[in-house]
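Asker: My questions are about this predicted structure, shown below with the sequence.
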Amino acid sequence: MAEPLLVQVIKPGVQSSVQDLGRTGWRHLGIGSAGCMDPVSLQLANALLRQDLTLSALEISGGPVELRFERDTVFALAGADYEGMLDHQPCPIGWPQAARAGQTLRLQGPRAGRFAYLALPGGIVAPSRMGSFSTDLAGGFGGPQGRALRAGDVLQAAGRAALPAGRRRGLAAFTAPATLALRVLPGPEAALFHPEAMAEFWQAGWRLGARSNRMGSQLDGPALRRPDRPDELAELPSHAVLPGVVQVPPDGQPIVLMADAQATGGYPRLAVLIEADLPRLAQCTPGQRLRFLPVDEAQARAARRQARDALHCQCQALQEG
């Protein structure tokens with residue numbers, strides 16, 4: 001029987017963790033989905049290796065990262081544009097790569113974007129919790145010991161696939177627009193805000209705040225004005241929330257909930273970012289300029305179909321070579 005593929009973590013980077021597409025069906029019990037911040041890039045990384053798109057991968061959210069391969073293997077990186085070196089040779093993002101036992105992969109950056117995904121043959125082996133390998137950092141379960149990677153950790157891959165032959169297709173380097181337009185639906189408490197506050201939400205030049213993380217993307221801009229009775233917003237009963245919900249805390253600076261969002265919250269829900277645009281926001285770095293566009297439910301569903309169809313076509317092209 002072949003020995004398992006092992007990868008030694010020398011430098012873990014900034015909160016690198018094992019993630020897949022997340023766990024579903026447990027939010028009613030207070031358990032969030034966790035999962036990758038950018039499911040599009042995770043699936044593209046797996047497609048580069050011509051394997052199941054849903055397999056777990058290593059989510060990297062900032063360098064420097066150093067990983068040493070203990071067995072001959074292949075791997076693929078997709079997502080944010082990191083500067084990669086395999087020993088002393090450049091290792092471009094967006095192409096499958098072969099690594100020999102003892103070689104070290106070093107990642108610096110990112111130069112654009114935020115999250116990159118390292119796919120290994122057969123996915124990364126981790127304890128399955130509620131149908132997912134994803135690491136729930138707040139809950140402390142899933143992934144390797146329910147936490148971000150540390151120096152000295154060892155990752156194990158489930159397979160030992162060969163480098164896909166005849167590869168002619170790869171991924172273009174990630175680029176960020178000067179201003180990212182994000183589409184949102186009205187939230188359940190949108191009517192509680194003054195019309196002037198809603199006008200500011202649509203018209204203001206927002207920027208992604210430095211405190212953004214896997215739980216929420218914090219926005220820097222004008223403080224959204226509250227009603228004459230601020231207690232109507234400050235003392236809402238706890239209610240259900242999920243990734244994409246735009247909450248407005250007492251300081252008036254909106255927060256867009258992300259992959260590690262809690263299951264309930266008490267801040268008013270001004271809007272909901274559509275599913276198709278969540279990966280785009282996830283790849284933003286602090287300081288990125290943002291603006292919001294109102295859409296209706298039919299437009300949100302159409303955008304989801306279009307995004308899923310585009311991903312399907314891209315993954316199919318990569319898997320076919």
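Answerer: Ah, there it is. Numbering: from 1, shown residues only.
Asker: Could you list which residues are in contact with G62?
Answerer: G13, V14, Q15, G109, P110, R114 (CB atoms under 8 Å, 6 or more residues apart in numbering). In this view, the C-beta of every residue, glycine as well, is placed from N, C-alpha and C.
Asker: hang on, I meant T104
Answerer: I10, E66, L67, R68, F69, L86, D87.
Asker: 10 Å instead, please
Answerer: Counting by CB atoms under 10 Å, 6 or more residues apart in numbering, T104 makes contact with Q8, I10, K11, E66, L67, R68, F69, M85, L86, D87, H88.
Asker: Please flag which of those residues sit within strands.
Answerer: Q8, I10, K11, E66, L67, R68, F69, M85, L86 (DSSP state E).
Asker: before we move on, the earlier item: which pair of the contacts of G62 spans the longest distance?
Answerer: Q15 and G109 (14.9 Å; CB to CB).
Asker: For these two, indicate the residue with more neighbours.
Answerer: Higher neighbour count among Q15 and G109: G109, with 20 against 16, using other CB atoms under 10 Å.
Asker: Show me the beta-bridge partners of I124.
Answerer: Assessed by DSSP bridges, I124 has beta-bridge partners A157.
Asker: hmm, back to that, now that we have the contacts of T104, which one has the most neighbours?
Answerer: L67 (26 neighbours).
Asker: what's the pLDDT at it?
Answerer: Looking at L67, its pLDDT reads 98.
Asker: surely it meets M85?
Answerer: No. Counting by CB atoms under 10 Å, L67 stays clear of M85, with 11.5 Å between them.
Asker: picking that back up, may I ask which of the contacts of G62 comes out lowest in pLDDT?
Answerer: G109 (92).
Asker: buried sites along the helix or strand containing it?
Answerer: Assessed by DSSP states H and E, G109 sits inside strand 104-119. Neighbour-count burial for strand 104-119 flags 104-107, 109-110, 113-119 (criterion: 16 or more other CB atoms under 10 Å).
Asker: Helices along this protein, start to end?
Answerer: Assigned by DSSP state H, the helices in the chain fall at 39-48, 195-203, 231-234, 278-282, 297-320.
Asker: any idea of the angle the first one forms with helix 297-320?
Answerer: The directions of helix 39-48 and helix 297-320 differ by 20 degrees, with axes from the mean of the first three to the mean of the last three CA atoms, to 10 degrees as the criterion.
Asker: The second one too?
Answerer: Helix 195-203 and helix 297-320 are oriented at 20 degrees to each other (the same axes, to 10 degrees).
Asker: so what does helix 195-203 touch, helix or strand wise?
Answerer: On a contact count with 3 or more CB pairs under 10 Å, 6 or more residues apart in numbering; DSSP states H and E, helix 195-203 meets strand 179-186, strand 269-273, strand 289-294.
Asker: Which residues are in contact with L257?
Answerer: With CB under 10 Å, 6+ apart, L257 has these contacts: 32, 215-217, 241-247, 265, 267, 269, 272-273, 278.
Asker: wait, D52
Answerer: Contacts of D52 by CB under 10 Å, 6+ apart are Q43, N46, G122, G123.
Asker: Q218 versus L53, what's the distance?
Answerer: Distance of L53 to Q218, given as CB to CB, to the nearest Å: 31 Å.
Asker: can you give me how far the strand holding G109 is from the chain middle?
Answerer: The chain centre lies 13 Å from the centre of strand 104-119; the measure is CA atoms, centre = their mean, to the nearest Å.
Asker: Direction included, what does that strand pair up with?
Answerer: Counting by DSSP bridges, strand 104-119 is paired with strand 57-60 (antiparallel), strand 65-69 (antiparallel), strand 73-86 (antiparallel).
Asker: Save those strands as JSON lines, and put in distance to Q19 too.
Answerer: Output for the strands paired with strand 104-119, formatted as JSON lines (distance: least, CB to CB, whole Å):
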{"stretch": "strand 57-60", "distance to Q19": "4"}
{"stretch": "strand 65-69", "distance to Q19": "15"}
{"stretch": "strand 73-86", "distance to Q19": "12"}
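Asker: of all those strands, which lies closest to A99?
Answerer: The closest of those to A99 is strand 65-69. By CB to CB, the value is 4.4 Å.
Asker: Pipe the contacts of G62 into JSON lines and attach distance to L290 per row.
Answerer: Output for the contacts of G62, formatted as JSON lines (distance: CB to CB, whole Å):
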{"residue": "G13", "distance to L290": "25"}
{"residue": "V14", "distance to L290": "22"}
{"residue": "Q15", "distance to L290": "22"}
{"residue": "G109", "distance to L290": "22"}
{"residue": "P110", "distance to L290": "18"}
{"residue": "R114", "distance to L290": "14"}
